[in-house]
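> Here is the input, now give the coordinates:
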Amino acid sequence: MSFLEQSFSVKFEYKIHFTKSLFHTDNPTFTDFFKSNPTDVLRKIFFVLDQGVADAHPDLVSAIRTYFDHQQEVQLISEILIIQGGEASKNNTGLFDRLVEAVDQYGIDRHSYIAAIGGGAVLDLVGYAAAVSHRGIKHIRIPTTVLSQNDSGIGVKNGINYKGKKNFLGTFAPPAAVFNDDQFLLTLTDRDWRSGISEAVKVALIKDPTFFYWIEDNAAKLVSRDLETMDYLIVRCAELHLNHIASADPFEMGSARPLDFGHWSAHKLEQLSNFSVLHGEAVAMGIALDSTYSFLSGLLTEDKLLRILNVLLHLSFDISNPFIQINDEESPILRGLTEFQEHLGGKLTITLLTDLGTGKEVHHMDHQLLIAASNYVLNFTSTTVGLDH
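Residues are numbered from 1 along each chain as shown. Sure, this is the predicted structure:
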């Protein structure tokens, strides 16, 4: 018996650009990106816009056209496609089909780009279509929400929901580049502005206690929409996420997902609420539940748990929503554990906390202790008074 064996590695590299007014003709950020990646073949760029972003920025389409009128490095596809935003876009396989049809219609090849402007759901959908068309078209992400600028929009994952399961179809495909323009944040609703902060709390709790203390100290500024404070949060959160991607398991070959702290229940909660609960809101609830479980299982001190719960309340999160309440063994949210394990593959791996900034992997979650944790959070929110949330 004999065999052949081959081993190779592929280097991925992309930059996260932080800017203001990306499509202003005086802003060279986009032009510099194309000039730094020269080629002797014709490159095209096809833009896909989140409907909510297009509505909030009625001059955006014309600004894109004007910007690329002066662009010699790449050819703008005449159609700028506007699609439904939010989680519903990931549930609609017809939108995926429409994107693939556009790739075919406009002759978008592997040297060309598909640029998505929108929240994380639209970036996920467009990124998936780009990744599977021609086995990979270059994808540019322009995230427009706090959540997508500090987390989902800067990573290497994309996908769509299928058979009622979140991200059932997807790929790992790093973007060609990410452009974070803080001017898009100005038109967010208060709810969308706050929602994305939960991912910063999450990464701080498992990676950087100093960042968590900073969030504690600046919660009031964040809630009151101080842009300079939010800019810092987004850059630091993005930096921590990128450092993790580079140093750990970027394509998730193993079962560990520390960046999914608080997410096993969050993903199920979104589905149970028919996605009326935003992802960031669900993550805040998941953080509260798993932090409390960490305390009740003897891993985390109660004073540190209370700091976590209090900062979530100060950030105006509802952490005791009925969808996440665990009353007994039949509570629907518990099915999230099985689905989380199925999605990860291998054995169940959940990240809990041993300290602010330190995570610990466990492979079992006791249902009775989860019921107690859920009741603790409910009791905490019902008895806590005097908080400005």
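> Asn158 - that's part of a strand, no?
Yes: membership of Asn158 in a strand is supported by DSSP: H, G, I helix; E, B strand; the rest coil.
> ok, for it, nearest residue in space, not its chain neighbours?
Gly127 (3.1 Å; Cβ to Cβ, 6 or more residues apart in numbering). In this view, the C-beta of every residue, glycine as well, is placed from N, C-alpha and C.
> now swap in Gly359 and tell me
Leaving out its chain neighbours, Gly359 is closest to Ile206 (Cβ to Cβ, 6+ apart), at 4.0 Å.
> what sits up against the host helix or strand of the one you found?
Element membership for Ile206 (DSSP states H and E) is helix 197-207. For helix 197-207, contacts defined as Cβ atoms under 8 Å, 6 or more residues apart in numbering pick out 146-147, 150-151, 211-212, 214-215, 222, 233-234, 236-237, 240-241, 243-244, 258-259, 261-262, 280-281, 283-284, 287, 291, 308, 311-312, 315, 317, 351, 353, 356-359.
> quick one, phi/psi of Ile108?
Dihedral pair for Ile108: phi -80, psi 110, per degrees, to the nearest 10.
> pretty sure it is touching Ile114, no?
Yes: if you go by Cβ atoms under 8 Å, Ile108 and Ile114 touch, sitting 6.7 Å apart.
> shared neighbours of the two, anything?
In terms of Cβ under 8 Å, 6+ apart, Ile108 and Ile114 are both contacted by the residues 46, 137.
> So which of these two has more stuff around it?
Under the criterion of other Cβ atoms under 10 Å, the comparison of Ile108 against Ile114 puts Ile114 first, with 28 against 23.
> Return the residues in contact with that one.
45-46, 48, 99, 103, 108, 126, 129-130, 137-140.
> and if we set it to 10 Å?
Residues in contact with Ile114 (Cβ atoms under 10 Å, 6 or more residues apart in numbering) are 44-48, 77, 81, 99, 102-103, 106, 108, 126-127, 129-131, 133, 137-141, 176.
> Now a ChimeraX select for only the buried ones of those residues.
In ChimeraX, this line selects whichever of these come out buried by 16 or more other Cβ atoms under 10 Å:
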select :44,45,46,47,48,77,81,99,102,103,108,126,127,129,130,131,133,137,138,139,140,141,176
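> So which of the contacts of Ile114 sit within strands?
With strands defined by DSSP state E, the entries of the contacts of Ile114 inside them are 44-48, 81, 138-141.
> Show me the strands in this protein, by range?
16-19, 44-50, 75-76, 81-83, 113-118, 138-143, 157-162, 165-172, 177-181, 350-355, 358-362.
> To Phe295, which of those strands lies closest?
strand 350-355 (8.4 Å; Cβ to Cβ).
> What are the contacting residues of that closest one?
202, 205-206, 209, 256-265, 287, 290-291, 293-295, 297-301, 304-305, 308, 337, 340-341, 344, 358-365.
> buried subset of these?
Counted by 16+ other Cβ under 10 Å, the contacts of strand 350-355 give 202, 205-206, 256-265, 287, 290-291, 293-295, 297, 299-300, 304-305, 308, 337, 340-341, 344, 359-360, 365 as buried.
> Among these, which lie within helices?
202, 205-206, 263-265, 287, 290-291, 293-295, 304-305, 308, 337, 340-341, 344 (DSSP state H).
> Let me know how buried Ala219 is, in neighbour terms.
22.
> ugh, wrong one, Tyr14
If we define neighbours as other Cβ under 10 Å, then Tyr14 has 17 of them.
> wait, it sits on Ala177?
Yes: between Tyr14 and Ala177 there is a contact at 5.5 Å, judged by Cβ atoms under 10 Å.
> domain ranges for this structure?
The chain breaks down into these domains under automatic domain parsing: 16-187, 190-383.
> And the longest one, end to end?
The one in question is domain 190-383. 25 Å (Cα to Cα, to the nearest Å).
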